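**Q** pasted the sequence and its predicted model underneath.
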Amino acid sequence: MLPHLTKIKGMALDLLFPRWCVGCGREGDFICPSCLNSLPKIMPPLCPKCGLPQSSANLCSSCLGWRAEIDGIRAPFRFDGVMRQAIHELKYRNLRALAGLLARLLNDYLLNDPIPSEVLVPVPLHPRRLRERGYNQSRLLAQELGKLAGLPVVDDYLVRQRHSLPQARTSNVGERRGNVADAFACRSRRLEGKQILLIDDVSTSGATLDACARALKQAGAASVWGLVLAREV
């Protein structure tokens, strides 16, 4: 009975507050079928570490000298076009309802390209930024993906202990890595031996995900991969 009531409630909300495509403005869903087909996909071959598309499956030049803790980063889409707009709406315009659709895209990716994972951990915000924004978009994505993938979500284990500039305000890879160095910590070792899948919205250099992976591995994680909606290319 409850699923039926939930469906009715959803239909009523759609009538009262119709959904509009963030790409073209067409009524129906947050991303219409036409805009879904136009999403800029990342296609192999990829750098096995950072997930950057390139001409071969070897480590890219940026990763050759990078002593990364993250086992790998994957993203279904480029941070461009309608995907850029969708992430902007989720992250800065309070369009939290978009998280469900975007999580389905992440789940579709995992079904086709599985990543070792036993538990989902969203990249945390510093408490100050969380108060400013009111929510963590990565946590929303992880919660919705957890329902679809049947994986537990642990969102109170990894914490951001140091406030830093948004990565978008840094100018190069070196600055980004320094900006998040030692910014994260784990509250305990209760995920020791687990295969962890970090969830975030966008990866630029991979510095934030790697800083998270470092904290998680120091607390005993067996492996740490990153899955994001989009990657800057």
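**A** Great, that's in hand. Everything numeric here is computed off the predicted structure, so don't read it as measured data. Numbering: from 1, shown residues only.
**Q** so which residue is smack in the middle of this protein?
**A** Nearest to the geometric centre of the chain sits residue 200, at 2.2 Å (CA atoms, centre = their mean).
**Q** mind giving me the packing neighbours of the host helix or strand of that one?
**A** According to DSSP states H and E, residue 200 maps onto strand 195-203. Contacts defined by 3 or more CB pairs under 8 Å, 6 or more residues apart in numbering; DSSP states H and E place strand 195-203 against helix 81-92, strand 119-122, helix 137-149, helix 207-218, strand 223-231. Bear in mind the C-beta positions are built from the backbone N, C-alpha and C, glycine included.
**Q** tell me how far the residue nearest to the centre of the chain lies from residue 44.
**A** Counting by CB to CB, to the nearest Å, the gap from residue 200 to residue 44 is 21 Å.
**Q** go on, residue 77?
**A** Residue 77 is 14 Å from residue 44, where distance means CB to CB.
**Q** show the end-to-end separation of stretch 94-101, please.
**A** Terminal residues of stretch 94-101 lie 15 Å apart, using CA to CA, to the nearest Å.
**Q** which residues touch it?
**A** For stretch 94-101, contacts defined as CB atoms under 8 Å, 6 or more residues apart in numbering pick out 19, 22, 29-31, 86, 89-90, 134-135, 137, 140-141, 143-144.
**Q** and it, what's buried?
**A** By 16 or more other CB atoms under 10 Å, the buried positions in stretch 94-101 come out as 95, 98, 99, 100, 101.
**Q** do stretch 41-52 as well
**A** If you call a residue buried by 16+ other CB under 10 Å, then stretch 41-52 has these buried ones: 42, 46, 47, 48, 49, 50, 51, 52.
**Q** show me the contacts for the closest residue to the residue nearest to the centre of the chain other than its chain neighbours.
**A** Counting by CB to CB, 6 or more residues apart in numbering, residue 200 lies nearest to residue 123, which is 4.2 Å off, once chain neighbours are set aside. Taking CB under 8 Å, 6+ apart, we find residue 123 in contact with 138, 158, 198, 199, 200, 208, 209, 212.
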